[in-house]
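**Student:** A structural model of the following input is requested.
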Amino acid sequence: MDLDVFVSAHRAEWDRLDALLRRRRRLTGPEVDELVTLYQRTATHLSLIQSSAPDPQLTGRLTQLVARARSAVTGTRRASWRDVTRFLVHGFPAAVYRSRRWWVPTALLSILLAGVIGWWVGTHPEVQSSIAAPSELRDMTRPGGEYETYYSSHPATSFAAQVWTNNAQAAAMCLVLGAFLCFPVIWILFQNMLNVGVGIGLMSSAGRLDTFLGLLLPHGLLELTAVFVAAGTGLRLGWTLIDPGPRTRRVAMAEEGRSALGMAIGLALVLLVSGAIEGFVTPSGLPTWGRIAIGVTAELLFLSYVYVLGGRAVRAGETGDIDASERSAEAPAAA
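**Tutor:** Model (predicted):
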């Protein structure tokens, strides 16, 4: 292709398209038709130039022109309540369901790790002494000690908001940092399981494991599940960077990254529920079985939501990604 000849032949069309896009007044019907035609032709010209005679300056100008024209033709789409409903009923549960092969093993291994740490701490006095002085450990594990008063140390509303903020940040970090080859996610998950394991070990050594579980389970089931989902998704995102499969690495990371971003929003809502349980139910005067029953019910409802609605959405073709019409084109295409 002779680039100079090509530019001379089509410059007038590009200038006309640019002029139409700059019009401040509303376009007439014929002008709209002309704009659509010029947009299609310019997209074709851009594709030809990129494949046959790439010129950075010309490619940049036409790319910008095509993007502006596409925005003018398709219009600006505004989010609606229908989008929110679609996300909650299809998009989010489908994304969590698709990631189950990552977060379910993550959950099982993490629970096993917490159990091992709890056994190690609980059966080795020398480990306990390295954590704190004996008097401090007694203050932490005695009736009315720190482990119990922690949940009622602040007003329920502010405590629930603080817990939700902290947990949402931890989940978001797992999702975002997964792109760094998984290692930060593993470290965040280990720190969480270490805290749980130490609590199990110290309270079991004091003969009060039932009290500890009675405080942890009401909110911890749903809270830890959300963390496991975030960690598993982060690990999946990191592995996508290593092995993108049949997709190009750029396309694979874009698709999985958009899905992870949506999951961050959905998990924030899940953690809002667990934070409310931790702020209002865990420190309440309900019997232990009643508080645990609330936590188990919330957990079962979430798992049913994921496996029933999410599984149905995935079988219908939902991936948790945004609509194809809203994604950036992978390559210029002629209409």
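**Student:** where does the prediction get shaky in the stretch 51-200 of the chain?
**Tutor:** 53-54, 74-80, 152-156, 159-160, 179, 181 (pLDDT under 70).
**Student:** how about the helices in it?
**Tutor:** 56-74, 81-86, 92-98, 100-123, 125-131, 134-141, 146-149, 156-177, 183-205 (DSSP state H, counting those that start in this stretch).
**Student:** any chance of the ones you listed in a markdown table, with mean neighbour count and distance to residue 28 too?
**Tutor:** Backbone N, C-alpha and C define where each C-beta goes, glycine included. Shown next, in a markdown table, are the helices of the stretch 51-200 of the chain (neighbours: other Cβ atoms under 10 Å; distance: least, Cβ to Cβ, whole Å):
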| stretch | mean neighbour count | distance to residue 28 |
| --- | --- | --- |
| helix 56-74 | 15 | 14 |
| helix 81-86 | 11 | 32 |
| helix 92-98 | 26 | 43 |
| helix 100-123 | 17 | 54 |
| helix 125-131 | 12 | 77 |
| helix 134-141 | 14 | 77 |
| helix 146-149 | 16 | 73 |
| helix 156-177 | 19 | 47 |
| helix 183-205 | 19 | 55 |
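**Student:** can you put those in JSON lines and add distance to residue 3?
**Tutor:** Below are these laid out as JSON lines (distance: least, Cβ to Cβ, whole Å):
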{"stretch": "helix 56-74", "distance to residue 3": "8"}
{"stretch": "helix 81-86", "distance to residue 3": "43"}
{"stretch": "helix 92-98", "distance to residue 3": "45"}
{"stretch": "helix 100-123", "distance to residue 3": "48"}
{"stretch": "helix 125-131", "distance to residue 3": "72"}
{"stretch": "helix 134-141", "distance to residue 3": "75"}
{"stretch": "helix 146-149", "distance to residue 3": "74"}
{"stretch": "helix 156-177", "distance to residue 3": "43"}
{"stretch": "helix 183-205", "distance to residue 3": "47"}
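**Student:** of the ones you listed, which is nearest residue 17?
**Tutor:** helix 56-74 (6.1 Å; Cβ to Cβ).
**Student:** ok, and what's touching the closest one?
**Tutor:** Contacts to helix 56-74, defined as Cβ atoms under 8 Å, 6 or more residues apart in numbering, come from residues 3, 7, 14, 17-18, 21, 35-36, 38-39, 42-43, 45-46, 49-50, 325, 332.
**Student:** buried only: go through these for me.
**Tutor:** 14, 17-18, 21, 35, 38-39, 42-43, 45-46, 49-50, 332 (16 or more other Cβ atoms under 10 Å).
**Student:** does the closest residue to residue 172 other than its chain neighbours belong to a helix or a strand, and which?
**Tutor:** Among residues not flanking residue 172 along the chain, residue 264 sits closest, at 5.2 Å (Cβ to Cβ, 6 or more residues apart in numbering). If you go by DSSP states H and E, residue 264 is part of helix 249-276.
**Student:** which elements pack onto the longest helix seen in the chain?
**Tutor:** Scanning the chain for the helix with the most residues, using DSSP state H, yields helix 209-242. With contacts defined as 3 or more Cβ pairs under 8 Å, 6 or more residues apart in numbering; DSSP states H and E, the packing partners of helix 209-242 are helix 100-123, helix 146-149, helix 156-177, helix 183-205, helix 249-276, helix 288-304.
**Student:** could these go into JSON lines alongside distance to residue 61?
**Tutor:** Output for the helices and strands packed on helix 209-242, formatted as JSON lines (distance: least, Cβ to Cβ, whole Å):
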{"stretch": "helix 100-123", "distance to residue 61": "43"}
{"stretch": "helix 146-149", "distance to residue 61": "65"}
{"stretch": "helix 156-177", "distance to residue 61": "34"}
{"stretch": "helix 183-205", "distance to residue 61": "40"}
{"stretch": "helix 249-276", "distance to residue 61": "23"}
{"stretch": "helix 288-304", "distance to residue 61": "51"}
